[in-house]
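Undergrad: 3D model of this:
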Amino acid sequence: MEKYILVNYHTVYCESTITPRKLTWKRKANNAIRQYHMEQFTVRVTGNPEFARFRVVHFHIMAARIWNAAKTPHETTEASAAVRVLVTTLGQTLGHICIHCGLIVSDSDIHAV
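TA: All right, here's what the predicted structure looks like:
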């Protein structure tokens with residue numbers, strides 16, 4: 001609880017003898033954990049020179065849309081499975097790199113002619 005700065009909330013609840021609802025406490029804990037990890041990630045990205053290219057492409061750090069759209073863990077699992085089905089390319093060949101020009105082609109022998 002100290003790591004995520006939740007001790008203060010716990011102390012206030014214990015002293016006031018008012019017990020919050022489970023969902024209220026869970027929301028506060030989730031927000032504190034999310035904020036802690038976002039701060040750690042931001043410090044790592046901004047302070048490390050290896051992330052220079054990442055900062056050029058991603059101006060703002062945010063969760064992927066799939067995680068924002070899903071409200072429950074079950075919806076997250078379903079959305080993740082749906083994305084996997086949509087992007088799976090079974091039976092499709094990606095092609096080959098032509099040894100002459102370096103382009104990706106489906107048949108390098110015909111392309112060379």
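
Undergrad: quick one: low-confidence parts of this structure?
TA: Along the chain, segments meeting pLDDT under 70 span 61, 63, 66-68, 88-97, 99-100, 102, 107-113.

Undergrad: remind me, longest helix of it?
TA: Within the chain, and with DSSP state H defining each element, the longest helix by residue count is helix 22-47.

Undergrad: residues near Asn48, how many?
TA: 11 (other Cβ atoms under 10 Å). Just so you know, the C-beta spots here come from the backbone N, C-alpha and C atoms, and that holds for glycine as well.

Undergrad: ok, Glu78 next?
TA: Residues near Glu78, counting by other Cβ under 10 Å: 12.

Undergrad: confirm it sits in a helix?
TA: Yes: secondary structure of Glu78 (DSSP: H, G, I helix; E, B strand; the rest coil): part of a helix.

Undergrad: from Ala69, how far out is it?
TA: 11 Å (Cβ to Cβ, to the nearest Å).

Undergrad: what's the answer for Ala82, then?
TA: 11 Å.

Undergrad: in this protein, which spans are strands?
TA: With DSSP state E as the criterion, the chain has strands at 96-97, 104-105.

Undergrad: isn't Tyr4 right next to Ile33, touching?
TA: Yes: using Cβ atoms under 8 Å, Tyr4 makes contact with Ile33 at a distance of 5.3 Å.
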